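> Got a predicted structure here, sequence first:
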Amino acid sequence: MSSNLYDVDLVELGAYLNDNITGFGKLNSMDKFSDGQSNPTYKLQTADKAYVLRAKPPGKLLGSAHQVDREYRVMNALAASDVPVPKMHHLSTDDNPLGAMFFVMEFIDGRILWDPALPDSSNTERTNIFNQMNNTLATLHSVDIKAAGLTDYGKPGNYFVRQTGRWIKQYHASELVANPQIDRIIDWLNDHMVEDDGQTSLVHGDFRIDNMVFAPDQPQLLAVLDWELSTLGHGLADLSYQCMQWRLPASAALGGLGGLDRAALGIPSEQDYIGQYLDKRGLPPINNWDFYLIFSIFRLIAIVQGVIKRGQDGNASDPKSTSRMQKVSSHLTEMAIGLIK
């Protein structure tokens, strides 16, 4: 067993899983995926099948974070939709051999594409992959919330007012030193808040290419992963969050598309990607696009700050990531300040 955050006996855990998952069998190994900064995720291997276990991290946690039960619920609800998700097998409370809430889901054998520039793909494949992501995002935001049994999955009212308030609290709960630039971003968001236009969609909350699994040998999106931040909200939050990648530098630390000749690579421009999404959903052009971008940037800053704080507290899923996250936070802050007028 590779790096594990939990003191768990494989025999005991295997017996528990065999009692609760039909046909599970004997647990042979439990190996932690090296990626992921929030909820520790493991590959479980039995004699003839692989599963994925996703758990709350150990230690003291922020109150509204790491809700793996919400992840389980939303993916289970989407099983009957056109949104590709893994099959859910079991949700457990913290009364189990792991000592933490977790769920077990299907293991999807495919590719995780870490670099949105897709350096190992042809131009045609790049275009098709971006089309797949765009189609899936529009499909997600068109899910019938009532039919999916998710009418109580989020709160009513202006999503951006609610989420801005939430992430301000989350940021301050993880803040290590005062940052006047962050205060300026927060003030700008509150001063330029958009009005509620009545649109409500199921939103993913972290819709980016490395939270997806693609088929090994074709540009087919097999599953969207990491639904921890999903809720009922506004589709433009997901769209603007993904479109940050067009503006982030193309570097290992930031994983963006900035500075690349995207047309030469077969990757759509930001405006073309937005237009494709709006056409699919039959929506009008977007006003105040900068607000949605700055909102998404600040939201990511708050998420990154939580990773930094957990690293300082010794609870990070990947402790080596803390210094990289500090650089990411600084760049995001500069990017938001550059958009403020």
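On my side now, so go ahead.
> could you show me where the strands are in the protein, in order?
Using DSSP state E, the strands found in the chain span residues 27-32, 41-46, 50-55, 88-92, 102-106, 201-203, 212-214, 221-224, 231-233.
> Have a look at this structure and report its longest helix.
helix 289-313 (DSSP state H).
> Which residue ranges of the stretch 151-300 of the chain form helices?
All helices of the stretch 151-300 of the chain, identified by DSSP state H, counting those that start in this stretch, fall at 159-174, 180-191, 235-247, 262-265, 270-281, 289-313.
> now do the stretch 1-150 of the chain
Going by DSSP H, counting those that start in this stretch, the stretch 1-150 of the chain shows helices at 10-20, 68-77, 123-141.
> taking the mean pLDDT, what do you get for the longest one?
Right, the one you point to is helix 123-141. Averaging pLDDT along helix 123-141 yields 98.
> what packs against that helix?
Under the contact criterion of 3 or more Cβ pairs under 8 Å, 6 or more residues apart in numbering; DSSP states H and E, helix 123-141 touches strand 201-203, strand 212-214, strand 221-224, helix 235-247, helix 270-281. In short, each C-beta sits where N, CA and C put it, glycine included.
> so which of the ones you listed is the most packed in?
Of all those, strand 201-203 has the most neighbours on average by mean count of other Cβ atoms under 10 Å, namely a mean of 25.
> which other helices and strands contact that strand?
If you count contacts as 3+ Cβ pairs under 8 Å, 6+ apart, strand 201-203 packs onto helix 123-141, strand 231-233, helix 235-247.
> what does that strand contact?
Applying Cβ atoms under 8 Å, 6 or more residues apart in numbering, the set of residues contacting strand 201-203 from outside is 74, 140-143, 145, 148, 150, 153, 230-235, 237-238.
> Repeat the analysis, applying 10 Å as the threshold.
Where contact means Cβ atoms under 10 Å, 6 or more residues apart in numbering, the residues beyond strand 201-203 that reach it are 74, 77-78, 81, 83, 137-138, 140-145, 148, 150, 153-154, 159, 163, 227, 229-239, 241, 281.
> Now, of those, which are buried?
74, 77-78, 81, 83, 137-138, 140-143, 145, 148, 150, 153-154, 159, 163, 227, 229-239, 241, 281 (16 or more other Cβ atoms under 10 Å).
> Which among the helices of the stretch 1-150 of the chain is found nearest to P40?
Among the helices of the stretch 1-150 of the chain, the nearest to P40 by Cβ to Cβ is helix 68-77 (10.0 Å).
> Now for the chain, the helix or strand with the poorest mean pLDDT.
helix 322-339 (a mean of 90; mean pLDDT, DSSP states H and E).
> Rounded mean pLDDT for stretch 75-92, please.
Per-residue pLDDT over stretch 75-92 has a mean of 97.
> For it, which residues meet the burial criterion?
For stretch 75-92, a neighbour-count test (16+ other Cβ under 10 Å) marks 75-78, 81, 83-86, 88-92 as buried.
> Now do the domain split for this protein, please.
10-106, 123-339 (automatic domain parsing).
> any weak-confidence spans in the stretch 201-341 of the chain?
For the stretch 201-341 of the chain, the stretches flagged by pLDDT under 70 are 252-253, 315-320.
> Now do the same contact list for L339.
By Cβ under 10 Å, 6+ apart, the contact list for L339 reads I185, W188, R247, W289, D290, F291, L293, I294, I297.
> and the closest residue to the third one other than its chain neighbours, what does it touch?
Read that as R247. Distances taken as Cβ to Cβ, 6 or more residues apart in numbering place G258 nearest to R247, at 5.5 Å, with adjacent residues excluded. By Cβ under 10 Å, 6+ apart, the residues touching G258 are M244, Q245, W246, R247, L248, P249, A250, S251, M335.
> how does it look with 8 Å?
G258 makes contacts with W246, R247, L248, P249, A250, as judged by Cβ under 8 Å, 6+ apart.
> Equivalent analysis for T200, please.
Applying Cβ under 8 Å, 6+ apart, the residues near T200 are I145, G154, Y159, L232, G233, H234.
> ok, 10 Å please
H141, I145, T151, G154, P156, G157, Y159, L232, G233, H234, G235 are the contacts of T200 under Cβ under 10 Å, 6+ apart.
> Please apply the same query to E106.
K49, A50, Y51, V52, M75, V85, P86, K87, M88, H89, A223.
> Same list, those residues, but as a markdown table with distance to E175 please.
Converted to a markdown table, the contacts of E106 look like this (distance: Cβ to Cβ, whole Å):
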| residue | distance to E175 |
| --- | --- |
| K49 | 44 |
| A50 | 40 |
| Y51 | 37 |
| V52 | 33 |
| M75 | 32 |
| V85 | 34 |
| P86 | 35 |
| K87 | 39 |
| M88 | 35 |
| H89 | 38 |
| A223 | 35 |
